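1. Pasting a predicted model and its sequence here:
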Amino acid sequence: LIDSSDRFWVHPRGPLVFDGSRGTFRTPEKRGPSEGSWAVVEADDGTVWLGGGDGLYAWAPSASAPTPHRIVAADGTWLENYVMALCQTRAGTLWVGTQGGLYRFDPNAKAFSHLGGDPDDPDRLSAASVSSVVEAADGALWVGTYGGGLYRVDRDRGTVQRWCTDPVGTDACTSEVVWDLHLDGDGRLWIAGSHLWSIDPDGGVLARHSEPGAFAVDVIVFIAEAPAGVLWLAGLDGHLYRYDVAAAELEARRFRQIWRRSSTSPRFDCLLAQGQTLWIGTGDALGRLRLDTGDIEWIPLETADGISLRSHGMWMVHGGRDGALWLATSIGLIRYLPQTRDFALYSVDDGLPGSAVYNVLEDDEGRLWLGTNQGLTRLDPRLPEGQRVVNYTTADGVRNVELNRHAAVRGADGTLYFGGMDGLTYFHPSEVRD
């Protein structure tokens with residue numbers, strides 16, 4: 001293939017590109033199909049599509065390497081991935097010839113899927129506002145909502161089940177408002193709301209772990225799991241609680257009393273457990289609790305040159321693969337490097353669509369996906385300034401204009417799920433094209 005930039009593509013064992021202006025051959029750092037590139041075609045926008053023994057790849061003009069693109073049916077099931085021939089029509093449709101047959105693929109189709117709320121539709125959520133989401137071992141989703149309780153969504157079967165089975169027989173739900181969900185190492189689902197609940201992974205038995213008056217706090221807003229079967233719970237009362245699952249014992253840690261500094265945040269907003277460290281997010285400081293010693297350090301949110309990064313809330317702490325912590329706050333996304341103790345802020349000045357960032361997830365390429373108060377954003381801090389941020393709105397198929405805090409999870413297959421005021425938005429990053 002000779003593309004529109006006069007580059008000559010050959011593909012005996014993966015893509016090899018001859019640049020006529022330089023008189024040189026080169027291969028991408030990530031070669032694309034590892035089993036050989038058997039087909040190559042250029043789209044109207046300059047993207048080169050490569051097909052080979054392990055699937056379909058797209059090489060955008062501005063990219064340094066091809067991106068894998070899953071071949072899936074409308075219901076999300078995988079199709080044959082041994083690609084032997086490619087052809088694009090004038091309308092932009094890509095025909096993909098494989099060992100299992102011929103498939104029609106529209107590269108311009110919207111990559112974002114949506115599960116909304118409708119109280120009159122049994123196959124949808126009865127409440128539109130999604131507050132939390134986790135993926136079970138079997139691929140099903142547990143979805144918590146503001147006002148509609150808890151749901152189990154089976155994407156393969158297309159079923160939505162509202163979970164309202166109380167073992168006492170009172171036909172009560174866990175909580176109409178679910179603040180957070182957590183799957184522990186044994187597959188048990190923990191539900192934070194009014195009191196603490198769990199669902200057994202084997203029998204699906206719903207249990208309440210607190211009776212009225214037994215907890216010092218009635219509302220739990222965040223759950224994190226530490227080693228040795230310990231849950232750390234952030235209460236709406238501004239205190240932190242340690243719950244020993246095996247012993248069923250609760251111990252209140254009143255760190256707010258220890259920390260005398262004035263606070264713009266009335267409570268602990270989020271938690272992240274990393275080994276023997278528990279990170280505690282608030283609006284004006286990042287807490288570091290050493291679980292082995294019980295010592296806690298409060299790290300003020302400010303840059304090296306003294307610029308304050310205090311906000312009205314920190315709603316998620318994400319541990320990046322490079323060791324950085326990414327803090328989703330009401331003034332933007334903050335990067336914290338524990339080794340150097342440096343903070344850096346990404347805000348509307350850097351291209352974010354709104355000031356509030358509610359959650360952050362990382363894809364296979366190391367890019368960050370942010371749920372904000374103005375839609376969905378992709379951030380790649382490794383790129384030059386001006387190229388780091390891409391925003392996605394309703395025009396791109398994102399139904400949620402405003403996402404919700406806590407309501408984000410990455411699935412086992414790399415699919416990203418974001419909950420918002422209008423249901424659940426989900427997509428695979430490899431299928432999103434700018």
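-> Alright, I've got the coordinates.
2. what's the first-to-last distance across stretch 290-308?
-> Using C-alpha to C-alpha, to the nearest Å, the span of stretch 290-308 from its first residue to its last is 25 Å.
3. and the helix or strand hosting Phe343, how far from the chain's centre?
-> Applying DSSP states H and E as the criterion places Phe343 in strand 342-346. Strand 342-346 has its average C-alpha position 21 Å from the chain's average C-alpha position, going by C-alpha atoms, centre = their mean, to the nearest Å.
4. which residues are in contact with that strand?
-> Outside strand 342-346, the residues within contact range by C-beta atoms under 8 Å, 6 or more residues apart in numbering are 301-304, 309, 331-336, 352, 379, 381, 388-389. From N, CA and C alone the C-beta is placed, and that goes for glycine too.
5. Tell me the buried residues in it?
-> Applying a neighbour-count criterion of 16 or more other C-beta atoms under 10 Å, the buried positions in strand 342-346 are Phe343, Leu345, Tyr346.
6. Toward the C-terminus, what is the element adjacent to the lowest-mean-pLDDT helix or strand in the chain?
-> Every helix and strand of the chain was ranked by mean pLDDT, DSSP states H and E. The lowest is helix 255-258, at a mean of 46. On the C-terminal side of helix 255-258, the closest following helix or strand by DSSP H and E is strand 270-274.
7. who does that next one pair up with?
-> Here strand 270-274 has these sheet partners by DSSP bridges: strand 277-281 (antiparallel).
8. Can you name the element that comes right after the partner strand?
-> Stepping forward along the backbone from strand 277-281, the first helix or strand reached (DSSP H and E) is strand 285-290.
9. quick one: contacts of that following strand?
-> Contact with strand 285-290 is made by 255, 259, 261, 268, 276-281, 295-301, 314, 317, 325, 327, 336, as judged by C-beta under 8 Å, 6+ apart.
10. what mean pLDDT would you report for stretch 223-240?
-> The pLDDT scores in stretch 223-240 average 87.
11. So which residues make contact with it?
-> With C-beta under 8 Å, 6+ apart as the contact definition, stretch 223-240 has outside contacts at 180-182, 184-185, 190, 192, 196, 216-222, 241-246, 252-256, 266-273, 275-276, 278, 280, 291.
12. please redo it, this time with the cut-off set to 6 Å
-> Identification of contacts with stretch 223-240 by C-beta atoms under 6 Å, 6 or more residues apart in numbering yields 180, 182, 184, 190, 192, 217, 219-222, 241-246, 252-256, 266-268, 271, 273, 278, 291.
13. now swap in stretch 427-434 and tell me
-> Among residues not part of stretch 427-434, those counted as contacts by C-beta under 6 Å, 6+ apart are Thr67, Pro68, His69, Ala111, Phe112, Asp363, Val390, Gly414, Thr415.
14. how much space between Gln99 and Thr93?
-> With distances defined as C-beta to C-beta, to the nearest Å, the gap from Gln99 to Thr93 amounts to 21 Å.
15. neighbour count winner among those two?
-> It is Thr93, of Gln99 and Thr93, that has more neighbours when counted by other C-beta atoms under 10 Å, with 14 against 10.
16. Leaving aside the residues adjacent along the chain, what's closest to that one?
-> In space, not counting the residues next to it along the chain, Thr93 is nearest to Asp106; the distance is 5.7 Å by C-beta to C-beta, 6 or more residues apart in numbering.
17. just for the stretch 251-400 of the chain, where's the confidence low?
-> Low-confidence regions of the stretch 251-400 of the chain, defined by pLDDT under 70, span residues 254-266.
18. can you give me the strands in it?
-> Secondary structure of the stretch 251-400 of the chain, counting by DSSP state E, counting those that start in this stretch: strands at 270-274, 277-281, 285-290, 296-300, 314-319, 325-329, 332-337, 342-346, 357-362, 368-372, 375-379, 389-392.
19. Dump the ones you listed into JSON lines; add distance to Val133 as well.
-> Conversion of the strands of the stretch 251-400 of the chain to JSON lines gives the following (distance: least, C-beta to C-beta, whole Å):
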{"stretch": "strand 270-274", "distance to Val133": "15"}
{"stretch": "strand 277-281", "distance to Val133": "19"}
{"stretch": "strand 285-290", "distance to Val133": "25"}
{"stretch": "strand 296-300", "distance to Val133": "29"}
{"stretch": "strand 314-319", "distance to Val133": "13"}
{"stretch": "strand 325-329", "distance to Val133": "15"}
{"stretch": "strand 332-337", "distance to Val133": "20"}
{"stretch": "strand 342-346", "distance to Val133": "24"}
{"stretch": "strand 357-362", "distance to Val133": "10"}
{"stretch": "strand 368-372", "distance to Val133": "11"}
{"stretch": "strand 375-379", "distance to Val133": "15"}
{"stretch": "strand 389-392", "distance to Val133": "18"}
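20. ok, how many other residues are close to the residue nearest to Thr93?
-> What Asp106 shows, counting by other C-beta under 10 Å, is a neighbour count of 10.
21. separation between it and Thr425?
-> Asp106 sits 20 Å away from Thr425, taking C-beta to C-beta as the criterion.
22. and what of Trp142?
-> Taken as C-beta to C-beta, the span from Trp142 to Thr425 is 17 Å.
23. So which of the two has more stuff around it?
-> Thr425 (27 against 22).
24. export whichever helix or strand that one is part of as CSV, just CAs?
-> Element membership for Thr425, per DSSP H and E: strand 423-427. Taking only C-alpha atoms (Å, rounded to 0.1, in the frame of the first residue of the first chain), the coordinates of strand 423-427 have been written out as CSV:
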residue,chain,number,x,y,z
GLY,A,423,-27.2,6.1,34.2
LEU,A,424,-24.1,4.2,33.3
THR,A,425,-21.7,5.0,30.4
TYR,A,426,-19.2,2.3,29.4
PHE,A,427,-16.7,1.7,26.6
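25. how far is that strand from where the chain is centred?
-> In terms of C-alpha atoms, centre = their mean, the gap separating the centre of strand 423-427 from the centre of its chain is 10 Å.
26. tell me the average confidence for that strand?
-> Averaged across strand 423-427, the pLDDT comes to 92.
27. any idea of the angle it forms with strand 368-372?
-> 160 degrees (axes from the mean of the first three to the mean of the last three C-alpha atoms, to 10 degrees).
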